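Asks: Got a predicted structure plus its sequence, pasted below:
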Amino acid sequence: LRACVCVSVAEQHRAAGAAAAMKFKIEGLTVFFPYEYIYPEQHQYMLELKRALDAKGHCLLEMPTGTGKTITLLSLITSYQMADSSVGKLIYCTRTVHEMEKVLDELRSLHAYQQQELGKGTKILALGLSSRKNLCIHPQVSGEGSRESVDAGCRRLTASWVRAAALDNANIETCPFYEGYEKKGAEQVLPPGVYTLHDLRVYGRQKGWCPYFLARHMIQFANVVVYNYQYLLDPKVSGIISREMEKECVVIFDEAHNIDNVCIEALSVNIRQQTLDGASRNINKMSQIIDRFKATDANRLREEYNRLVEGLAQRGNLPASDNWLSNPVLPDDILREAVPGNIRRAEHFVAVLKRLLQYLKMRLQTEKVESEGPVSFVTSLSSKAGIDQKTLKFCYDRLHSLLLTLEVTDTDEFLHIQAVCDFATLVGTYTRGFSIIIEPFDERMPHIPDPVLQLSCLDASLAIKPVFQRFQSVVITSGTLSPIDLYPKLLNFNPVIIQSFTMSLTRDCLCPMVLTCGSDQLPVSTKFDMRSDPGVVRNYGRLLLEMVSCVPDGVVCFFVSYSYMDAIVNSWNEMQILQDIMQHKLVFIETQDVVETTLALDNYRKACDCGRGAVFFSVARILIARLEYLRETFQIKEGDFLTFDAVRQAAQCVGRVIRSKADYGMMIFADKRYNRHDKRSKLPGWILSHLKDAHLNLSTDMALHIAREFLRRMAQPYDKAGSEKKRTLLSQADLENMEAQATAGF
């Protein structure tokens with residue numbers, strides 16, 4: 001539940017002092033900070049971060065939303081880089097392009113201050129890297145709809161065989177920007193500076209160079225690289241983009257509260273009937289191309305066969321434009337082995353793929369849910385289709401090699417067979433940490449057949465293990481990591497620092513409450529055996545109705561699943577509660593369609609901004625999977641993991657109520673289970689510090705009284721700088737005094 005008052009951290013700093021900035025020392029390290037004041041928690045965060053870098057170890061740091069994590073990280077680590085030349089690149093991983101641009105904008109203002117203090121000789125090169133879709137400047141290719149279409153369009157113009165043929169035939173189109181990059185840009189170095197994706201596109205147009213390949217080339221020279229999680233966590237991408245990064249790099253995963261789920265998704269594959277139908281079409285097309293090559297250029301197929309006898313690694317370094325995706329799992333030593341004899345010849349490999357597809361189609365024809373491990377699946381596949389584990393292991397790279405040999409440029413057409421080979425390589429490589437689940441229908445529509453075969457990764461540490469091994473310092477940070485103590489077990493690493501910071505506030509602008517019953521004293525809970533009770537449903541509706549009548553702007557209501565949200569909304573409609581809610585505010589609902597949800601969010605914001613007010617119904621996604629594996633492998637009890645996953649999802653939801661220290665909002669945990677100390681204590685410390693005993697075990701009418709009092713109090717003017725007892729802004733003089741006291745005490 002949120003009263004919509006949004007001021008960014010940067011804006012608050014500028015309000016405190018627009019022109020000024022400061023430098024100060026933390027344990028002997030000079031830190032450059034581009035604002036006049038710093039929050040106490042930012043200073044504490046820097047201190048713990050520096051200690052982790054000193055120890056050359058990994059760390060887990062939680063600091064509340066709206067306290068300036070981004071500029072804190074950038075200030076400390078770039079200052080550390082300048083003080084110690086042995087420290088490598090800063091690799092800053094974000095989830096979205098918007099977050100990437102925000103990081104680079106903050107870095108630009110920081111670097112301007114560093115140059116002001118140290119002179120123009122202080123130069124850094126920082127850039128963002130994203131997909132071709134976000135960097136392409138070719139008029140036709142950049143207009144393609146999907147990322148896969150842009151990748152394929154680029155490949156059609158830049159593949160080595162296309163460019164070679166264009167030398168003899170002027171009618172064959174190539175990309176002028178890639179040609180310009182190859183002629184001049186590949187040997188050039190970008191001028192020092194901070195380059196956003198927009199800056200790279202502008203620079204590419206000015207020079208006539210491809211921004212995407214230029215950015216990939218410049219990674220090796222950059223001091224700071226900002227890109228998506230997948231560039232490090234998804235082995236198919238990291239094997240190409242991040243292969244050359246040095247061990248001394250410092251890696252940051254920002255907003256990393258769901259990093260274990262990102263790791264799991266990177267190594268999970270879903271195969272549906274449409275996937276297999278598409279893969280069949282891909283195989284037929286490959287067979288036709290193979291027959292054509294046999295008739296016109298059989299020598300090319302023989303050369304590939306000889307190369308595969310020596311091992312896949314012998315193909316050497318491919319041109320950047322020919323690199324498609326790296327192998328999802330195979331290390332270099334395995335790639336040096338000879339490819340199994342039964343898939344060396346192109347036609348034999350295609351025959352193996354056909355048998356694999358037939359087996360998968362047969363497995364999808366089930367009428368009940370099936371689940372098994374990789375070992376039993378491979379044993380069944382071997383006995384019924386004659387495909388052994390080693391053959392499966394090499395499927396992905398063998399497909400890549402064949403598509404290069406056949407000079408295939410329309411990579412977007414071959415996504416289906418790529419997914420099948422990805423599945424084959426993973427299931428042939430891992431004997432533990434995965435589960436194969438076959439579901440005959442979607443549980444929301446059990447009467448409609450929609451079979452899906454899922455290779456579900458159960459162990460998040462498999463994807464992130466190479467990152468911990470390769471780099472000396474990895475920082476995992478977010479505003480909502482609590483309960484923080486389970487992450488080292490889930491990700492299987494040993495951090496040298498684990499710390500959660502509270503938020504310094506000049507007023508009590510957060511109001512968390514635990515509501516356990518309705519006005520009729522009937523308990524409320526989304527526990528499975530209670531959630532559909534008409535009395536519980538009615539009490540949730542009455543609670544929401546009372547809140548929308550007193551909260552001035554926006555209310556966000558989170559449900560445990562889409563199916564539960566649909567059922568509740570339908571019940572509220574039948575009870576006339578929904579109509580009563582709409583008398584006070586507009587109602588917007590999240591769906592599984594990204595476009596619809598984005599539109600709903602935009603309209604929700606507009607309704608809040610114009611004073612009409614709105615309610616947004618959303619879903620807190622709780623994943624109930626991999627429980628048995630976690631218990632056996634990491635000794636994490638099922639109850640502990642379910643509590644961890646449920647509480648962190650709740651913390652992420654309510655954490656959105658505040659985006660800066662000028663915001664204020666209420667958090668209502670409407671479930672009797674939050675009244676238990678063992679559940680409630682897992683919430684982040686910055687929420688618990690505002691949860692008063694008087695706000696526990698509330699009924700709807702009591703919560704309404706507290707809400708009205710809180711909103712009345714928040715409407716009063718307040719001192720943003722804080723009093724002596726509640727200092728929320730520290731000046732350079734304050735920090736110098738703190739450093740002097742720390743030195744004297746030491």
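Replies: Sure, I can see it.

Asks: Okay, R281 and G386: tell me how far apart.
Replies: Distance, R281 to G386, using C-beta to C-beta, to the nearest Å: 23 Å. Where C-beta positions appear, they are placed from N, C-alpha and C, glycine not excepted.

Asks: what residue is smack in the middle of this protein?
Replies: Of all residues in the chain, the one closest to the mean position by C-alpha atoms, centre = their mean is R95, 3.9 Å from it.

Asks: Which secondary structure state is assigned to the residue nearest to that residue when sequence neighbours are not counted?
Replies: Excluding the flanking residues, the one nearest R95 by C-beta to C-beta, 6 or more residues apart in numbering is E255, at 5.6 Å. Secondary structure assignment for E255 (DSSP: H, G, I helix; E, B strand; the rest coil): coil.

Asks: residue contacts, E255?
Replies: The contact partners of E255, by C-beta atoms under 8 Å, 6 or more residues apart in numbering, come to 94-95, 99, 478-479.

Asks: For these, point out the one with the lowest pLDDT.
Replies: In terms of pLDDT, the lowest of the contacts of E255 is G479, showing 87.

Asks: how many neighbours does it have?
Replies: 25 (other C-beta atoms under 10 Å).

Asks: hang on, isn't it packed against G68?
Replies: No. Counting by C-beta atoms under 8 Å, G479 sits too far from G68 to count as a contact (11.0 Å).

Asks: need the longest helix for the protein.
Replies: helix 273-296 (DSSP state H).

Asks: Flag the shaky bits of the chain, pLDDT-wise.
Replies: For the chain, the stretches with pLDDT under 70 are 1-19, 185, 311-338, 442-447, 621-626, 720-726, 744-746.

Asks: Doesn't G128 belong to a helix?
Replies: No. Counting by three-state DSSP, G128 is located in no helix; its state is strand.

Asks: Report the separation between it and D701.
Replies: From G128 to D701 the distance is 51 Å (C-beta to C-beta).

Asks: Have a look at these two and say which one is more surrounded.
Replies: Legend: neighbour count by other C-beta under 10 Å for G128 and D701, higher for G128 (27 against 12).

Asks: OK, contacts around the more buried one?
Replies: Counted by C-beta under 8 Å, 6+ apart, G128 has contacts 100-101, 103-104, 195-197, 200, 215, 225-227.

Asks: gap between it and A266?
Replies: To A266, G128 is 21 Å away according to C-beta to C-beta.

Asks: Same question for D640.
Replies: Taking C-beta to C-beta, one finds D640 at 24 Å from A266.

Asks: Of these two, which one has the most company?
Replies: Higher neighbour count among D640 and A266: A266, with 22 against 18, using other C-beta under 10 Å.

Asks: ok, the more buried one to D234 distance?
Replies: A266 sits 4 Å away from D234, going by C-beta to C-beta.

Asks: again with F468
Replies: Distance from F468 to D234, by C-beta to C-beta: 16 Å.

Asks: My understanding was that the residue nearest to the centre of the chain contacts Y227; is that so?
Replies: No. Using C-beta under 8 Å, R95 makes no contact with Y227, being 10.9 Å away.

Asks: most distant residue from the middle of this structure?
Replies: Within the chain, A295 marks the point farthest from the mean C-alpha position, 47.5 Å out by C-alpha atoms, centre = their mean.

Asks: Relative to A165, how far out is it?
Replies: Counting by C-beta to C-beta, the separation of A295 from A165 is 19 Å.

Asks: V225 belongs to a helix?
Replies: No. Read with three-state DSSP, V225 is strand and lies in no helix.

Asks: What residues are bridge-paired with it?
Replies: On the basis of DSSP bridges, V225 is bridged to I91, L127.

Asks: quick one, what contacts it?
Replies: Applying C-beta under 8 Å, 6+ apart, the residues contacting V225 are 89-92, 126-129, 219.

Asks: now do 7 Å
Replies: Taking C-beta atoms under 7 Å, 6 or more residues apart in numbering as the criterion, V225 is in contact with 89, 91, 127, 129, 219.

Asks: which residues in the stretch 101-250 of the chain form helices?
Replies: 132-135, 147-158, 160-168, 176-183, 197-207, 211-218, 230-233, 235-241 (DSSP state H, counting those that start in this stretch).

Asks: Export those helices to a markdown table and append columns for distance to I484.
Replies: A markdown table is the format used below for those (distance: least, C-beta to C-beta, whole Å):
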| stretch | distance to I484 |
| --- | --- |
| helix 132-135 | 33 |
| helix 147-158 | 34 |
| helix 160-168 | 49 |
| helix 176-183 | 45 |
| helix 197-207 | 33 |
| helix 211-218 | 34 |
| helix 230-233 | 20 |
| helix 235-241 | 26 |
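
Asks: I'd like to know which of those helices lies nearest to L491.
Replies: The closest of the helices of the stretch 101-250 of the chain to L491 is helix 230-233. By C-beta to C-beta, the value is 11.0 Å.

Asks: From the contact counts, what lies against the closest one?
Replies: Applying 3 or more C-beta pairs under 7 Å, 6 or more residues apart in numbering; DSSP states H and E, we find helix 230-233 packed against helix 235-241, helix 259-266, helix 461-470.

Asks: So for it, what gets flagged as buried?
Replies: 230-233 (16 or more other C-beta atoms under 10 Å).

Asks: what do you get for stretch 110-120?
Replies: Residues of stretch 110-120 classed as buried by neighbour count (16+ other C-beta under 10 Å): 110-111, 113-115.

Asks: which of the residues in the helix or strand just after the longest helix of the chain are buried?
Replies: On the C-terminal side of helix 273-296, the closest following helix or strand by DSSP states H and E is helix 298-310. Neighbour-count burial for helix 298-310, counted by 16+ other C-beta under 10 Å, picks out 301, 304, 307-308.

Asks: Could you say which helix or strand holds Q454?
Replies: strand 449-457.

Asks: and that strand with helix 461-470, angle?
Replies: Calculated by axes from the mean of the first three to the mean of the last three C-alpha atoms, to 10 degrees, strand 449-457 forms an angle of 30 degrees with helix 461-470.

Asks: and the residue lying closest to D485 once chain neighbours are set aside, how many neighbours does it have?
Replies: Spatially, and ignoring its direct neighbours in sequence, D485 is nearest to I498 (7.2 Å; C-beta to C-beta, 6+ apart). Neighbour count for I498, taken as other C-beta under 10 Å: 18.
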